[in-house]
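A.B. asks: Need coordinates for the following:
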Amino acid sequence: MTINSDIQEEKPEGITRRNFLTLAGITTIAAPLALKGLESAFYQGLIFGFNNPTANDSATSIALRIGEMAPNSENLEYRPMIDILEEGIATYKLESGPQPFSRRIDDYKGVDYYIDVIDKYRSEHLFPQPPNKLVGQLVSNFPQGAHEAYFQSSMANNSFEELFTAGSGFDKRFRKKHPEFIHKSGLYINNDKIGQIMYEEGKLEINELKLMIEEKKAETGAPVSASYIFAHFLKGNDGDISNSIFDTAIFLKFMARNNSDTGDFVPNENNVNWYRQNIKDEYQGQNYTSTLEDEKKSAINLIGKPYHSWNLVSMLQFLPVEVIRIGGIQKQLSTFSEQGLGKTRADIQTLDDLKKIESFLFSF
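C.D. replies: Sure, this is the predicted structure:
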């Protein structure tokens, strides 16, 4: 089940398909394959700028500038993700735990691998293929560990057991604690006990951190930055930055979309109220504590901003920046015709900053 949670807004005016492509520096290649206006042209541009770092950077920056034109998309409390990450690591270091470190998954593939995948696919077809086919080829060639993480932000998790996603600290901690449930192949052994234990331990972890956040908010009188959540997971993961970013994304998503007592996927005003009271909105796009025209729908949508941004950053352990950008833009463009880019401002801001974030994280 895919969550379609973007806010409907008018498309920004003033940028045509032609001058957009010119600005992106990819007119000659992308224009002949443009499918249906600006959104498809941009999508094409990003795909065909895939093996051109300048075009890839430029296309993402142009998307950000389009998003900035959308009404109410400027959040005065915005902080760059790199600042939030840096603050979380600094907080963790005060605990005197193991040195923080970043890492890739064992079967990580660099951008040249994906360029070869696309080149091979193109060579096998007489006519140019539409962008969704090209992206499908990329996804089907992801390393095994990347698939579940890639779809994490858009899939509905229906229980505490689903917190234990491959590549997360939730999963790693469970495996360390319960080796009796791990087959020699590395897969979980399916039996009557494992689901119940995951349910109980997942519920305990979620609610312990939820209470910590509420107590911190009561102590300071202000909503808590996600840097506090990140620092908490760094402590639980012995300084593993990659696991802890993913855990932060998973927790933020759970609290935005699920019932913390039952684990059920039931996004409603209770999630909105908890976010507004306890989680600081530091992400671009309209602030979710502001007065909203369509209160119920818009607020549910906007509290998804934090977990979307953290999920994009979490993908750096699995995929190169260029591929994350393509996947991120694909998800935005799937609903762009109806909803515009206003709601996606937070995601695009993170995508635009992703190379700087990568350099910072992998300096550890």
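
A.B. asks: Over to the residue nearest the centre of the chain. Which of the three states is it?
C.D. replies: Geometric centre of the chain, nearest residue: residue 311, 2.5 Å, by Cα atoms, centre = their mean. Secondary structure, DSSP: H, G, I helix; E, B strand; the rest coil: residue 311 is helix.

A.B. asks: Can you name the residues that contact residue 234?
C.D. replies: 88-89, 92, 97, 100, 240-241, 244 (Cβ atoms under 8 Å, 6 or more residues apart in numbering). Any C-beta I mention is one placed from the backbone N, CA and C, and that applies to glycine too.

A.B. asks: show me where pLDDT drops low in the stretch 1-150 of the chain?
C.D. replies: 1-73 (pLDDT under 70).

A.B. asks: could you show me where the strands are in the stretch 1-150 of the chain, in order?
C.D. replies: Counting by DSSP state E, counting those that start in this stretch, the stretch 1-150 of the chain has no strands to list.

A.B. asks: where along it do the helices fall?
C.D. replies: 17-24, 27-30, 38-48, 53-69, 81-93, 111-123, 131-140, 146-150 (DSSP state H, counting those that start in this stretch).

A.B. asks: Quick one: neighbours of residue 148, just the number.
C.D. replies: 16 (other Cβ atoms under 10 Å).

A.B. asks: How about residue 263?
C.D. replies: 20.

A.B. asks: any idea how far it lies from residue 199?
C.D. replies: Using Cβ to Cβ, to the nearest Å, we find residue 263 at a distance of 7 Å from residue 199.

A.B. asks: Backbone dihedrals for the nearest residue to residue 309 once chain neighbours are set aside, please?
C.D. replies: Excluding its sequence neighbours, the residue lying closest to residue 309 (Cβ to Cβ, 6 or more residues apart in numbering) is residue 350, at 4.5 Å. Dihedral pair for residue 350: phi -70, psi -40, per degrees, to the nearest 10.

A.B. asks: pLDDT at residue 350, what is it?
C.D. replies: For residue 350, the pLDDT comes out at 91.

A.B. asks: which ones are touching it?
C.D. replies: Neighbours of residue 350 in contact, by Cβ under 8 Å, 6+ apart: 81, 308-309, 312-313, 328, 357.

A.B. asks: Tabulate those residues (a markdown table), appending neighbour count and distance to residue 209.
C.D. replies: Converted to a markdown table, the contacts of residue 350 look like this (neighbours: other Cβ atoms under 10 Å; distance: Cβ to Cβ, whole Å):
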| residue | neighbour count | distance to residue 209 |
| --- | --- | --- |
| 81 | 24 | 20 |
| 308 | 25 | 19 |
| 309 | 26 | 19 |
| 312 | 27 | 21 |
| 313 | 25 | 19 |
| 328 | 24 | 27 |
| 357 | 20 | 23 |
